[in-house]
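# Dropping the sequence and predicted coords here.
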Amino acid sequence: APSDPGLVERAARAKAALGDRVFVLGHHYQRDEVIQFADVTGDSFKLAREAAARPDAEYIVFCGVHFMAESADILTSDSQRVVLPDLAAGCSMADMAALVQVEKAWDRFAELGIAGEIVPVTYMNSSADIKGFVGRNNGVVCTSSNAETALRWSFEQGTKVFFLPDQHLGRNTAVLKMGMSLDDCVLYDPHKPGGGLTDEQLRGAKMILWRGHCSVHGRFTLDSVHDVRERVPGVNVLVHPECKHEVVTAADYVGSTEYIIKTIEAAPAGSAWAVGTELNLVRRLANAHPDKQIMFLDRNICYCSTMNRIDLPHLVWALEELVAGRVPNQITVDAETAHHARVALDRMLALP
Ligand code: 13P
Ligand code: SF4
């Protein structure tokens, strides 16, 4: 639906009043009505770098989800304030790994005598607490655009990786990019005693995957890939690495949201693409490339509900509060956690 013209005008007026004091970041999964006010759009990696590169902006308004705003707070200076227009914009994947659970797993590895050889790696899609844990234990953060590089670095530091919280990104990167086998990977389930793994399984594994997943990407199925290939002969299947291993294996191309966009932009006119990622992004790509046939990989899968919580009314409210001299929904990470999380984030930003 087109944006309410009254709200569009109010957002534009508030943004103009704030000028360079505000910088608005928009993740690719945000609604069109929000994206139109973003100073920059990107995947989570690009947005983390952009936030760090704006030392003059007093306010960073983060149109994305909670863990992204936390990362922005960690990477920006103390005087900068990060605002999340709706505090309910969390991430179900990030919520699947709580610090107490992760510390319990690590204790088990320590008792087994293998913690010293394990490098913890956390996907950007995790809380600041988890990034802090990883920083304290000589690990690194990764995103879907640098997971392979992060894993290569990690296997230079140790012989095993403890990958949090997305089992699919971990498995897909290990098997499809690093040449490991599925048997090299084990799944640690925080809801089972001992993670549901025997000592032997833990000793033998190269990748210990946390049992977490994305509630949007985890829903694409192998059947949806087969169906679209039947319906649309010659279609290219392009998916995000948060999809299940069988889906990624059956696809033609796999990569982060930035990669997905670049691939579509470079595709020849007339080519057909079934894209397995969030709906806002796929729809925007289809609208931007009417000369290409761009479709959603599975018509039954919808928006990321938490990303979608940031809508134009929330953005207008946040901007108008800033104009009025108040800072709404500020996201802050405590200094101790931020210090360790920053170590893990800086290690990522320093990867080749
Ligand atoms: P990227 O932005 O790293 O592609 O991750 C996708 C995602 O699920 C963000 O929440
Ligand atoms: Fe989290 Fe998935 Fe939504 Fe990204 S798309 S914010 S990983 S639930």
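On my side now, so go ahead. Ligands and ions are numbered 1, 2, ... in the order given.
# where exactly do the strands run in the stretch 1-150 of the chain?
Secondary structure of the stretch 1-150 of the chain (DSSP state E, counting those that start in this stretch): strands at 22-27, 40-42, 59-63, 81-83, 118-123, 140-142.
# what's the distance between the closest residue to ligand 2 within the stretch 151-300 of the chain and residue 222?
Nearest residue of the stretch 151-300 of the chain to ligand 2: residue 214, at 3.3 Å (C-beta to the nearest ligand atom). C-beta coordinates here come from the backbone N, C-alpha and C atoms, glycine included. In this view, residue 214 and residue 222 are 17 Å apart by C-beta to C-beta, to the nearest Å.
# Looking at the two, which is more packed in?
When neighbours are counted by other C-beta atoms under 10 Å, residue 214 and residue 222 differ, and residue 214 comes out ahead with 24 against 13.
# Not counting sequence-adjacent ones, nearest residue to the more buried one?
Closest residue to residue 214 apart from its sequence neighbours, by C-beta to C-beta, 6 or more residues apart in numbering: residue 242 at 4.3 Å.
# confidence score at that neighbour?
For residue 242, the pLDDT comes out at 97.
# Could you pick out the residues of the stretch 101-250 of the chain near ligand 2 for me?
125, 214-216 (C-beta under 6 Å from any ligand atom).
# could you redo the last one with a cut-off of 8 Å?
Contact residues, the stretch 101-250 of the chain versus ligand 2 (C-beta under 8 Å from any ligand atom): 125, 166, 214-217, 242.
# would TSV of the residues you listed with secondary structure and distance to residue 260 be doable?
Formatted as TSV, these follow (DSSP: H, G, I helix; E, B strand; the rest coil; distance: C-beta to C-beta, whole Å):
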residue	secondary structure	distance to residue 260
125	coil	16
166	coil	17
214	coil	15
215	coil	19
216	coil	14
217	helix	12
242	coil	12
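# The closest residue to residue 141 other than its chain neighbours - how many residues pack around it?
Spatial nearest neighbour of residue 141, chain neighbours left out: residue 348 (4.4 Å); criterion: C-beta to C-beta, 6+ apart. By other C-beta under 10 Å, 23 other residues sit near residue 348.
# One more: residue 302?
Other residues lying near residue 302 total 14 when counted by other C-beta under 10 Å.
# for the one 4 residues further on, same thing?
Counted with other C-beta under 10 Å, the burial measure for residue 306 works out to 22 neighbours.
# Quick check: it touching residue 93?
No. Assessed by C-beta atoms under 8 Å, residue 306 is found out of contact with residue 93, at 9.9 Å.
# show me what contacts the residue in the stretch 1-150 of the chain positioned nearest to ligand 2?
Ranked by C-beta to the nearest ligand atom, the top residue of the stretch 1-150 of the chain for proximity to ligand 2 is residue 91, at 3.3 Å. By C-beta atoms under 8 Å, 6 or more residues apart in numbering, residue 91 lies in contact with 65-67, 125, 306.
# Report how many residues lie close to the nearest residue to it once chain neighbours are set aside.
The spatially closest residue to residue 91, leaving aside those adjacent along the chain, is residue 65, at 4.6 Å (C-beta to C-beta, 6+ apart). By other C-beta under 10 Å, 27 other residues sit near residue 65.
# Report the contact partners of residue 220.
For residue 220, the contacting residues are 239, 243-244, 247, 276, 297-298, 301, by C-beta under 8 Å, 6+ apart.
# I should have written residue 331 there, sorry.
So residue 331 contacts 62, 66, 69-70, 72-73, 82-84 (C-beta under 8 Å, 6+ apart).
# nearest residue to it other than its sequence neighbours?
Looking at residue 331 with C-beta to C-beta, 6+ apart, the closest residue is residue 69, at 4.1 Å.
# Near that neighbour, how many residues? Count them for me, please.
Residue 69 is flanked by 29 other residues according to other C-beta under 10 Å.
# From what I see, it and residue 63 are in contact.
No. Applying C-beta under 8 Å as the test, residue 69 and residue 63 come out as separate, 9.5 Å apart.
# The closest residue to ligand 1 within the stretch 51-200 of the chain: neighbour count?
Going by C-beta to the nearest ligand atom, ligand 1 is nearest to residue 144 of the stretch 51-200 of the chain, at 4.0 Å. Using other C-beta under 10 Å, residue 144 has 26 neighbouring residues.
# same deal with the one 10 residues further on?
The number of residues packed near residue 154 is 24, by other C-beta under 10 Å.
# quick one: it from residue 197, how far?
20 Å.
# Equivalent analysis for residue 38, please.
Residue 38 is 43 Å from residue 197, by C-beta to C-beta.
# And for residue 254?
Between residue 254 and residue 197 the computed distance is 27 Å (C-beta to C-beta).
# between the two, who's got more neighbours?
More neighbours surround residue 254 than the other of residue 254 and residue 197, with 24 against 19 (other C-beta under 10 Å).
# if I read this right, that one contacts residue 245, doesn't it?
No. The pair residue 254 / residue 245 is not scored as a contact, 10.6 Å apart, by C-beta under 8 Å.
# got any residues that touch both of the two?
In contact with both residue 254 and residue 245: residue 172, using C-beta under 8 Å, 6+ apart.
# Just the angle for the helix or strand bottoming out on mean pLDDT in the chain relative to strand 22-27, thanks.
Using mean pLDDT, DSSP states H and E, helix 44-52 stands out as the lowest-scoring helix or strand of the chain, at a mean of 88. Computed by axes from the mean of the first three to the mean of the last three C-alpha atoms, to 10 degrees, the angle separating helix 44-52 from strand 22-27 equals 170 degrees.
# got the buried residues for helix 44-52?
44-48, 50-52 (16 or more other C-beta atoms under 10 Å).
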